[in-house]
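Participant: the following block contains a protein sequence and its predicted model.
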Amino acid sequence: MFRRDLLLGAPARLLQRPQRAVVFLIDGLGEDYVAASTMPVLAGWRKKGFGKTVGGVMPWVTNANNASMCCGCWPEEHGITANFFLDDSTGQERYMESADLLLRPTLFERAARRGVKSALWSAKKKTVSLLPRGASVVLAAESPTAK
């Protein structure tokens, strides 16, 4: 038997189901390189609408851009404005890879507040040092854990 109420309520029920999202941050992979390369999986995802190229922020350095994408705001708001800064308390140059320097929540923290588990996997340990807050699983290929 056809139930109209089930059909009309379908979008609301779908929104209540747990959803999955995957966010890939591919540092230094320019759009021109993607267009000129044969990458069947990426090309297939893009054809299906599962891809978005976003512009970088200034300065064009890894930590500032990764923090902007992961926090959803500009460097002046999240606090990672370069890869290095001068620490006034020590007079030493300090690499900006510590999570304690972030002034805004990460997408992992926002997901955790809603009971959603997330994972941060990266090739670089600097990324997992900077952006781990809220992630259930954190792994860097550059320095894997013993587990």
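Facilitator: Alright, I've got the coordinates.
Participant: what is the subsequent helix or strand relative to the longest helix belonging to the chain?
Facilitator: Longest helix in the chain by number of residues (criterion: DSSP state H): helix 62-71. Remark: after helix 62-71, the chain's next helix or strand is helix 75-78, criterion DSSP states H and E.
Participant: Trp45 and Asn65, how far apart?
Facilitator: Here the criterion is Cβ to Cβ, to the nearest Å. By it, Trp45 lies 21 Å from Asn65. For every residue, glycine as well, the C-beta is placed using N, CA and C.
Participant: which one's more surrounded, these two?
Facilitator: Residue environment comparison for Trp45 versus Asn65 gives the larger neighbour count to Asn65, 21 against 14, counting by other Cβ atoms under 10 Å.
Participant: which ones are touching that one?
Facilitator: Under the criterion of Cβ atoms under 8 Å, 6 or more residues apart in numbering, the neighbours of Asn65 are Asp27, Gly56, Val57.
Participant: again, only this time at 7 Å
Facilitator: Neighbouring residues of Asn65 by Cβ atoms under 7 Å, 6 or more residues apart in numbering: Gly56, Val57.
Participant: and what of Asn63?
Facilitator: With contacts defined as Cβ under 7 Å, 6+ apart, Asn63 is in contact with Ile80, Asn83, Met96, Glu97, Lys126, Leu130.
Participant: and the residues you listed, which are buried?
Facilitator: Burial of those was assessed by neighbour count (16 or more other Cβ atoms under 10 Å); the buried members are Ile80, Met96, Glu97, Lys126, Leu130.
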